[in-house]
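Visitor: The sequence and its predicted three-dimensional model are supplied below.
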Amino acid sequence: MAKNSGRARFLVDEMLGRLAKWLRILGYDAKYAAGISDSELLSIAESEDRIILTRDTLLIRRRRCQNSLFVRSDHWREQLRQVYMEAGLTCNALLTICPVCNCQLHAVKKHSIRPAVPPYVFETRDEFSKCGNCRRVYWSATHVEKICDELRALVKES
């Protein structure tokens, strides 16, 4: 697998949707490529300087993908562990990318978010992020602790 310049950017094939979501949680640009041909996949990867993540052995063999990583496991935890180790990833930008649509999250003022969150969340949280694309709102709560625990376990096992 060739490394691209700067922070790794991925093009994740349609077999690896859950992996794409977890890479986004880690703060990596992970474009999900569903319903496109191999030639389109390769073209996007080349034009956008992305690393292809795939379980498609024929794609790797037929197309001689230079900037790709064959994901060996069917299980998302093992997939994430493999990509984390082989691509040299870090957890430095955790929860900065929307896990749903792959766009950058931006901090928003608490008062501006009141109608978009449950009253209890508004009363108990001070920091919120919003996706400029899908408009989803995010805040830190116990789910973030669980995500961090999951990531620590994956890194420790590696």
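Guide: Looks like it came in fine.
Visitor: Distance across stretch 36-52, terminal residue to terminal residue?
Guide: 13 Å (C-alpha to C-alpha, to the nearest Å).
Visitor: what's the average pLDDT for that stretch?
Guide: Here stretch 36-52 scores 93 as its mean pLDDT.
Visitor: quick one: buried residues of it?
Guide: 38, 41-42, 45, 50-52 (16 or more other C-beta atoms under 10 Å). Bear in mind the C-beta positions are built from the backbone N, C-alpha and C, glycine included.
Visitor: of the residues you listed, closest to residue 145?
Guide: Distance to residue 145 across these (C-beta to C-beta) is lowest for residue 51, with 29.5 Å.
Visitor: Next, count neighbours for the nearest residue to residue 86 once chain neighbours are set aside.
Guide: Distances taken as C-beta to C-beta, 6 or more residues apart in numbering place residue 69 nearest to residue 86, at 6.1 Å, with adjacent residues excluded. A count of neighbours around residue 69, defined by other C-beta atoms under 10 Å, yields 20.
Visitor: What of residue 95?
Guide: Neighbour count of residue 95, defined by other C-beta under 10 Å: 19.
Visitor: Quick check: it is in a strand.
Guide: No - counting by DSSP: H, G, I helix; E, B strand; the rest coil, residue 95 is not found in a strand; it is coil.
Visitor: pretty sure it contacts residue 143?
Guide: No - if you go by C-beta atoms under 8 Å, residue 95 and residue 143 don't touch, sitting 10.1 Å apart.
Visitor: Distance check, residue 131 against residue 97.
Guide: To residue 97, residue 131 is 9 Å away according to C-beta to C-beta, to the nearest Å.
Visitor: ugh, wrong one, residue 20
Guide: Distance, residue 20 to residue 97, by C-beta to C-beta: 11 Å.
Visitor: ok, these two, which is more surrounded?
Guide: Legend: neighbour count by other C-beta under 10 Å for residue 20 and residue 97, higher for residue 20 (24 against 21).
Visitor: buried residues in the longest helix seen in the chain?
Guide: When the chain is parsed with DSSP state H, its longest helix is helix 142-157. For helix 142-157, the neighbour count (16+ other C-beta under 10 Å) marks 147, 151, 154 as buried.
Visitor: Nearest to residue 80 among those?
Guide: Lowest distance from residue 80 to these (C-beta to C-beta) belongs to residue 154, with 6.0 Å.
Visitor: show me the contacts for the closest one.
Guide: Going by C-beta atoms under 8 Å, 6 or more residues apart in numbering, residue 154 touches 77, 80-81, 84.
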